[in-house]
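> My questions concern the predicted model and sequence given below.
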Amino acid sequence: MVFSSPIFLFLFLPVVLALCALPGLKVRNGLLLLFSVIFYAWGEVVFVFLMLASTVMNHFLGQWVDRETEPARRKWAVAVAVALNIGTLAFFKYANFAVGNLNALLWAVPRRAGAHGSGAAADWDIVFHVSRVVVCD
């Protein structure tokens with residue numbers, strides 16, 4: 001579902017707005033979280049659990065930052081939270097790029113037929129195979 005689709009504009013959005021506009025609704029944030037997950041799952045079900053794990057991680061990181069009273073410790077907590085979020089983003093954004101380049105590099109390394117060395121060529125084949133399996137190919 002995209003923001004300009006008729007199902008979003010004429011069904012999903014009005015239902016969410018109507019429910020969130022109810023006076024005295026105490027679970028508004030939980031409702032918005034639920035509808036956010038439904039909206040995301042509509043187009044990309046595979047990564048819903050990753051998004052939920054990230055949400056839970058950020059919730060606890062936010063609680064950690066809030067609990068710290070010393071400025072130095074609070075800055076450390078914020079730095080850890082930012083590093084974890086940027087690390088997660090970088091991993092999922094650039095993992096395929098890094099593995100693809102590693103695979104191209106490994107296939108470019110010449111191999112001698114019949115060489116009986118340390119078995120490094122076989123080890124690189126295993127790395128190639130495992131990296132292809134891990135990255136969904």
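Yes, it's here. From a predicted model like this one, the values you see are computed outputs, not experimental measurements.

> which residue packs closest to the spatially most central residue of the chain, ignoring adjacent ones?
With distances taken as Cα atoms, centre = their mean, the chain has Leu50 as the residue nearest its mean C-alpha position (5.2 Å). Distances taken as Cβ to Cβ, 6 or more residues apart in numbering put Phe92 closest to Leu50, at 7.6 Å, once the chain neighbours are dropped. Every C-beta, even on glycine, is put in place using the N, C-alpha and C of the backbone.

> so for the helix or strand where the residue nearest to the centre of the chain lies, what's the average pLDDT?
Using DSSP states H and E, Leu50 sits within helix 48-67. Model confidence over helix 48-67, given as mean pLDDT, is 90.

> Check which residues of that helix are buried.
Ser54, Leu61, Trp64, Val65 (16 or more other Cβ atoms under 10 Å).

> which helices and strands sit right next to that helix?
With contacts defined as 3 or more Cβ pairs under 8 Å, 6 or more residues apart in numbering; DSSP states H and E, helix 48-67 has these neighbours: helix 28-43, helix 71-108.

> is it true that Thr55 touches Leu33?
Yes - at 7.5 Å, Thr55 counts as touching Leu33 under the criterion of Cβ atoms under 8 Å.

> so where's this protein uncertain?
Within the chain, the stretches with pLDDT under 70 are 109-137.

> which residues does the closest residue to Trp76 other than its chain neighbours contact?
Nearest residue to Trp76, sequence neighbours excluded (Cβ to Cβ, 6+ apart): Glu68, at 7.9 Å. Counting by Cβ atoms under 8 Å, 6 or more residues apart in numbering, Glu68 makes contact with Arg74, Trp76, Ala77.

> how about Val2, secondary structure?
coil (DSSP: H, G, I helix; E, B strand; the rest coil).

> thought it was touching Leu9?
No - contact criterion Cβ under 8 Å: Val2 and Leu9 do not qualify, at 9.9 Å.

> Which of these two has more residues huddled nearby?
The neighbour comparison of Val2 against Leu9 (other Cβ atoms under 10 Å) goes to Leu9, with 13 against 10.

> The closest residue to Val37 other than its chain neighbours and Thr55: what is the separation?
Excluding the flanking residues, the one nearest Val37 by Cβ to Cβ, 6+ apart is Val48, at 6.3 Å. According to Cβ to Cβ, to the nearest Å, Val48 and Thr55 sit 10 Å apart.
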